[in-house]
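Enquirer: Build the 3D model from these lines:
(one chain, ligands or ions: 1)
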Amino acid sequence: MWRISKIRANVVLGIRYCATEAKSTASQITTPLVDGIPPPATVVRKEIPVVKKILTEVKEQDGRSKIIEKFCVFDDVPGPRSLKLISNIWSHVPALSKEFTAGALFQTMNLGKFFGNLLSWGGNASFFQKFFDVYGPVVRLHGPFGGDVLLLSRPEHASIVFRNEGTRPVRACLDSVEKYRLEHRRLRQAGPFLMSGSAWEKIHDSIDDPIKTSVNRYAKPMNEICDEFVERVLNIRNLQDEVPKNFKDEILKWCLESMCAVTLNRKFGFLDTTGLSTTSDPGRILDGVNGATEAIRKCEFGFHLWKFVETPAWRSLVRNCDSIDSILSKYVERAQTALRERKDLNPKTADFSVVDRLLLNEDVLIEDAMTVLLDMFIIGANATVHSVAFLLYHLAKAPKCQKKLQQEIDGQTRTELTADDLKRMPYLQACIKESLRLAPPIPILNRVLARDAIIHKYLVPEGTYVLIATHLASLREEYFEDARRFQPERWLNQEVGRLARDLQEFASMPFGHGPRACQARELAEMQVGLLVAKVLKRFNIEYNYGEMSSSNLMLSSPTKPLNFTFYDRK
Ligand code: HEM
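Expert: A predicted model of the protein is given here:
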């Protein structure tokens, strides 16, 4: 087999023809707004310069030549010219340059004055849509501080990226959290979400089994915590049966309690009927998670000034992460002491939490276990809360679907549901998938290409940083009929959407793909499904405040207060 790099090294035949002058045309489409992603309104579509495809001819060993591929070189990938200009200026400032940094793109985004109307974005994937509307399905951004970025969204392109991500795929994100751990705390690891290479593989393997087995092991406490959540709703709703505007905090409390049960096998009392004292451990964890999330969003978005000076957002990140760390480390140390006193240390026969299992692993230090915990409590919890919020919202807005789901839930006679029970509820599973299709908590995946790949007939070199706006693909009519409608039934059919079977999985990827896909997918699906099943068993839900969308590319969250109305079911 000829490798692409070899092809490049060989003869490249053909002449690149001059680009035609860019013209502008306008098109108008009106479809409803979904999750903050407006359909392309008045789009000034640039005519992409026509570049003649290049015939690639390779010399075979016997000296004969053979044309094996047609492609365009990477330089031909269209993208905003002004960025190229900025790139040239900034390339003279090597101190700012960092390869593969996700920040490059977000810094780029802030240079909005160069894009005129492109700047009017809502902080979510709609920004990317504007690039695609102007430049087509494959867009190259010349990162001003180094590291070009390739923007994609289509399933056929995503499938190529994932085929070429290698066995230890590299994902780049959350530089601020990485700096906090590696430079500020001087830990040896940045955490499972952020690490790469063999260190990532080691920690990945060490948490895989503990997380997966916790799904069944902790079904009982997870059920009890969902029941407490239902009680909490009864306690906090007003005379009109509406819950307070800060209901997102209640979902976060449920999620953290559930997370503590699984990771530390311990009850914290986040959902206590008497409320949470801000000085209690659960109160401080809640504040810490909220504060850290906000600080990370601020740091990751816009200019990464905190890389050079201590900005208020950076200080807040440090303060909040330190606070969560100091509380949780107390419990991790207690878990370690308890383990020393235990006689049966065989994970197959004894009952161990995720943290116990990590501590029993000789390769894992306490500080490694802490980074795992913090990733779960900040990144995992935010994704779960977002998923629950939008599932409740979509069901509230689709009463027929809500009723159909309630019928399925009522068919369950057991009060304590296991992951298997939930899997046997196809409509519930379809509702979860559909809600995640419309509002994925992580709307953009990223990878660094592990080898050269041909994407849309462009030869994209190894090492290119690729952003895949998977959310935008999920909203395309080409792939899903009536794509902006919450229609769980579509997942019950054999043929989902309009794509060939091998591409269907790339049209909606809320948990990512490949070796770096979400490690807690089963756990998260269990938690979300269980909570919604318990809530709908007890209540009918309404949401009376218009359309909800989500903001932020990093740790995204609903844009409106979640003051649902929970009516008792008759
Ligand atoms: C419904 C809720 C959740 C969603 C939609 C979600 C989604 C994702 C996505 C999209 C990724 C990146 C995948 C990729 O780049 O291909 C990811 C990674 C990850 N998630 Fe989740 N997640 C959720 C909940 C959780 C929870 C609750 C935990 C922990 C208890 C968790 C732990 C992780 C970890 C450790 C990774 C990094 C995996 C790696 O890089 O090796 N997630 N998640």
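Enquirer: so where do the strands sit in the stretch 101-250 of the chain?
Expert: In chain order, the stretch 101-250 of the chain shows strands spanning 139-141, 149-152, with DSSP state E, counting those that start in this stretch as the criterion.
Enquirer: Could you do the chain as well?
Expert: According to DSSP state E, the chain carries its strands in the segments 24-27, 43-46, 54-59, 65-71, 139-141, 149-152, 445-448, 453-455, 458-460, 465-468, 539-542, 550-551, 557-558, 565-568.
Enquirer: Would you mind checking which of those strands scores lowest on average pLDDT?
Expert: Set side by side, the strands of the chain give their lowest mean pLDDT on strand 24-27, at a mean of 32.
Enquirer: Within range of the ligand, give me the residues from the stretch 201-350 of the chain.
Expert: The interface of the stretch 201-350 of the chain toward the ligand, taken as Cβ under 6 Å from any ligand atom, is made up of residue 204. Heads up, the C-betas are built off the backbone N, CA and C, glycines and all.
Enquirer: tally of neighbours for whichever residue of the stretch 201-350 of the chain sits closest to the ligand?
Expert: Shortest the stretch 201-350 of the chain-to-the ligand distance, computed as Cβ to the nearest ligand atom: residue-wise this is residue 204, at 4.7 Å. Taking other Cβ atoms under 10 Å as the criterion, the count of residues near residue 204 is 15.
Enquirer: thinking it is in contact with residue 192, fair?
Expert: Yes: under the contact definition of Cβ atoms under 8 Å, residue 204 touches residue 192, with a separation of 6.1 Å.
Enquirer: list residues touching both of those two?
Expert: residue 519 (Cβ atoms under 8 Å, 6 or more residues apart in numbering).
Enquirer: Now do the same contact list for the residue of the stretch 201-350 of the chain closest to the ligand.
Expert: 192, 515, 519.
Enquirer: pretty sure the last one contacts residue 211?
Expert: Yes: Residue 519 lies in contact with residue 211 (Cβ under 8 Å); the separation is 5.7 Å.
Enquirer: Quick check: neighbours shared by the two?
Expert: What both residue 519 and residue 211 touch, as defined by Cβ under 8 Å, 6+ apart, is an empty set.
Enquirer: Report how many residues lie close to the residue in the chain that the ligand sits nearest to.
Expert: Each residue of the chain has a distance to the ligand, by Cβ to the nearest ligand atom, and the smallest belongs to residue 512, at 2.1 Å. Around residue 512 sit 21 other residues, with neighbours defined as other Cβ under 10 Å.
Enquirer: surely it meets residue 444?
Expert: No: with contact taken as Cβ under 8 Å, residue 512 and residue 444 are classed as non-touching, separated by 10.6 Å.
Enquirer: Return the set of buried residues in stretch 243-253.
Expert: Buried positions in stretch 243-253, judged by neighbour count with 16 or more other Cβ atoms under 10 Å: 243, 247-253.
Enquirer: Could you export those residues as TSV, including distance to residue 474 and pLDDT?
Expert: Supplementary listing: the buried residues of stretch 243-253 in TSV, determined by distance: Cβ to Cβ, whole Å; pLDDT from 0 to 100:
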residue	distance to residue 474	pLDDT
243	29	97
247	26	97
248	23	96
249	28	95
250	28	97
251	23	98
252	25	97
253	29	97
